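[1] Sequence first, then the predicted structure:
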Amino acid sequence: MEKIIAAADSELWFTERMAGTGFQYSLQVAEVLHAERTPFQRLEVFRTTGFGTAMVLDGFVNVSDKDEFFYHEVMAHPALFIHERPRRVLIIGGGDCGVLREVLRHPGIEQVDMVEIDERVVRVSEKFFPELTASNNDPRASIRFEDGIAWVRNAAAGSYDVIIVDSTDPVGPAEGLFGAAFYADCHRILTDGGMVVVQSESPLFHQGRLKEIHRCLRGAGFTDSHPMTYPTVIYGGGTWSSSIARKGRPLNDGVRWDDIESRPFPTRYYNRGVHVSLMTLSGYLAPALDGL
């Protein structure tokens, strides 16, 4: 994918082109707020005219004020309301801290380990995205700046009830987060009935990659896996996916419907109806999961 900032008619635009798809989209940039090269990636923050503040990592739009809630709520809430009693959660990546915020909304959560390889993403998010990072000082949260793959490999069996892999695209440091060995380690360190949720790319443009993710999840021993699709603007194509898999039990076993209805915190997207929709396989995705 090629990303550029271009001036046209005295306006500044950030354009994301998805190579080989015939698709691109642009955000109008009012101001470049921050730019640096971290030890791991290029990090930029823009103030846009229509999407608030946006963060870009290595040329990929990572988060924006306007539509972050779609992604962060889907990554967190379905798994936490399926599990009968989630207490210990591991977040791999998630440097903008939006998933951490959503997980900590659940009063039954006792411990969240967030393992992000690039400390600068968290520190820059704390400066420019105060709403996303509002829960960073919650005493239940431990933010560690380490290699997430090594963390999972070295964790004890049965350490976590839910693992959320909030990664960038499968290139560079994130590539190993999409492999069979990593998913096998996730399976080992989950409790029985535990779940893993992974960012799984565009359901329109990356069906081959999506099928490979589910093949690896099933091969790692997960009993059931399912892609969840939802709207988004800043990720290519207007629709994105996260995938959920469970250890030892079907995904529809024990959903806490009453708790979804009576949740003691506000959500902007997630509710009971959305949960049902997320767990319903769209017809156009069925071919991507054939033969698993």
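    Alright, I've got the coordinates.
[2] Mind listing residues that contact the helix or strand harbouring Leu43?
    Assigned by DSSP states H and E, Leu43 falls within strand 42-48. The contact list for strand 42-48, computed with CB atoms under 8 Å, 6 or more residues apart in numbering, reads 14, 27-37, 53-59, 64, 118, 120-121, 124, 128. (Glycine included, C-beta is placed from N, CA and C.)
[3] Show me those residues that map onto helices.
    If you go by DSSP state H, the contacts of strand 42-48 have 120-121, 124, 128 in helices.
[4] What is the nearest of the residues you listed to His226?
    Val121 (28.7 Å; CB to CB).
[5] before we move on, the earlier item: using neighbour counts, trim the contacts of strand 42-48 to the buried set.
    The neighbour count (16 or more other CB atoms under 10 Å) marks 14, 27, 29, 33, 53-59, 64, 118, 120-121, 124, 128 as buried among the contacts of strand 42-48.
[6] show me where this protein has strands.
    Ranges of strands in the chain, per DSSP state E, are 2-8, 11-18, 23-37, 42-48, 53-57, 60-64, 88-93, 111-115, 141-144, 160-166, 190-199, 224-231, 239-246.
[7] Quick check: nearest residue in space to the most centrally placed residue in the chain, chain neighbours excluded?
    Central residue of the chain (CA atoms, centre = their mean): Asp166, 3.5 Å from the mean position. Excluding its sequence neighbours, the residue lying closest to Asp166 (CB to CB, 6 or more residues apart in numbering) is Gly94, at 3.7 Å.
[8] Could you report the neighbour count for that neighbour?
    29 (other CB atoms under 10 Å).
[9] what sits against it?
    100, 114, 116, 164, 166.
[10] surely the third one meets Val124?
    No - distance between Glu116 and Val124: 11.9 Å, which falls outside the contact criterion (CB atoms under 8 Å).
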